[in-house]
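**Q** Return a 3D structure for these sequence lines:
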Amino acid sequence: MEAFDHLLVSLHPDLSFQDTSMRRCISPEQRLIVTLRFLATGNSFASLHFEFLLGISTIAGIVCHTCKVIWQRLREAVMPAPKAEDWLWIAEGFYQSAQSPNCIGALDGKHIHVKKPPHSGPRYFNYKQYFSVVLMALADSNYRFVIVDIRAYGSTSDSRIFSASRMGERLRRNQLALPEPSRLPGSAGPPAPFVIVADEGFALSPHMMRPFPRRDLDDRKRIFNYRLTRARRYVECAFGILCTKWRVFLSSIQMNLDNATLVIQACVLLHNFTRTQNLA
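**A** From the prediction side, this is the model:
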């Protein structure tokens, strides 16, 4: 209840409407409850119609508008652009929890099941045999999302999505305000750069660390892959927590692509919001 009240206070100005002589407006509390119910259960608008005694088109409009307000109001508060001190804090978290030094995040993509966009051909049809958009996310050691990229074609590989994303472009151009390289703990060698850990689907780069190929591994490479996986699992767990809490992701989002993107954005921010509340 405390988290709900805090969320309502943040969103209340944009969810308040004026009563008219024809009808009373739907209160901000009910608008937020309807939206959270949809996101948390994945129930259809027809099912929510019987739960809240509101029209189906009214519920659809409430959900889309509230998700847009959540993105506009919470984006800067719960997922701001990281600064150098934020990267250092993230790296310290990975070192304490996964013994992975100079790690500033775990990267992966998740396919979100959506209704086939009209005239899209096979671009959104993925290797899992359904239509999807890809949520590309960088997570920290507290299972919170640091940077996300949404709406890439489901048929595109993770590596190509990351390379074409604004996140990948800024990483290549050194525009993410990354800290200066530092020596690894217990090492007297040259300073090492801060890196993002990812799976075999991503390309190796100065700020991207991926495991060795699985063939002909000696003990050192096998141990390295194991240690890297300990850090990389945090983004997988973050996706698991996201889908367990917001069960709209467990079935196809039956909305047009723009509104489905609003739903995904809102769930990502609400995930970070609830994680922050839990850690506090």
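**Q** I'd like to know how many residues surround residue 87.
**A** Residue 87: 20 surrounding residues under other CB atoms under 10 Å. C-beta here means a position set from N, CA and C on the backbone, and glycine is covered the same way.
**Q** what's the helix or strand for the closest residue to it other than its chain neighbours?
**A** Using CB to CB, 6 or more residues apart in numbering and skipping the chain neighbours, the partner closest in space to residue 87 is residue 104 (4.8 Å). Using DSSP states H and E, residue 104 sits in strand 103-113.
**Q** Measure how whatever helix or strand comes next after that strand sits relative to strand 103-113, angle-wise.
**A** For strand 103-113, the following helix or strand on the C-terminal side (DSSP H and E) is strand 132-139. Here strand 132-139 points in a direction 160 degrees away from that of strand 103-113 (axes from the mean of the first three to the mean of the last three CA atoms, to 10 degrees).
**Q** Partner strands of strand 132-139 and their direction?
**A** strand 103-113 (antiparallel), strand 145-153 (antiparallel) (DSSP bridges).
**Q** Please give me every residue in contact with residue 268.
**A** Contact partners of residue 268, counting by CB atoms under 8 Å, 6 or more residues apart in numbering, are 79, 135, 137, 145, 148, 150, 242.
**Q** one step back: looking at the strands paired with strand 132-139, which is buried most?
**A** Of all these, strand 103-113 has the most neighbours on average by mean count of other CB atoms under 10 Å, namely a mean of 24.
**Q** Run the chain-centre distance for that strand.
**A** Its chain's C-alpha centre lies 8 Å from the corresponding centre of strand 103-113 when counted by CA atoms, centre = their mean, to the nearest Å.
**Q** Quick one: mean pLDDT for that strand?
**A** Averaged over strand 103-113, pLDDT sits at 95.
**Q** can you redo the contacts of residue 268 as a markdown table with distance to residue 61?
**A** Below are the contacts of residue 268 laid out as a markdown table (distance: CB to CB, whole Å):
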| residue | distance to residue 61 |
| --- | --- |
| 79 | 26 |
| 135 | 24 |
| 137 | 28 |
| 145 | 27 |
| 148 | 25 |
| 150 | 22 |
| 242 | 25 |
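**Q** Using TSV, please lay out those together with distance to residue 113 and pLDDT.
**A** Putting the contacts of residue 268 into TSV (distance: CB to CB, whole Å; pLDDT from 0 to 100) gives the following:
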residue	distance to residue 113	pLDDT
79	23	93
135	11	96
137	17	96
145	19	96
148	17	95
150	14	94
242	14	96
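**Q** With respect to residue 202, which of the residues you listed is nearest?
**A** Of all those, the one with the least separation from residue 202 (CB to CB) is residue 137, at 13.1 Å.
**Q** surely that closest one meets residue 105?
**A** No - counting by CB atoms under 8 Å, residue 137 does not reach residue 105; the two are 9.1 Å apart.
**Q** overlap in contacts of the two?
**A** Common contacts of residue 137 and residue 105 (CB under 8 Å, 6+ apart): 147, 235.
**Q** what's the burial count for residue 31?
**A** Residue 31 has 26 neighbouring residues, counting by other CB under 10 Å.
**Q** That one in helix, strand or coil?
**A** Here residue 31 is helix, with the state taken from DSSP: H, G, I helix; E, B strand; the rest coil.
**Q** What separation do you get for it and residue 64?
**A** Going from residue 31 to residue 64 by CB to CB, to the nearest Å gives 11 Å.
**Q** and if you look at residue 55?
**A** Applying CB to CB, the value for residue 55 to residue 64 is 14 Å.
**Q** more neighbours, those two?
**A** residue 64 (19 against 12).
**Q** For that one, which non-adjacent residue is closest in space?
**A** Distance criterion CB to CB, 6+ apart; nearest residue to residue 64, sequence neighbours excluded, is residue 259 at 5.0 Å.
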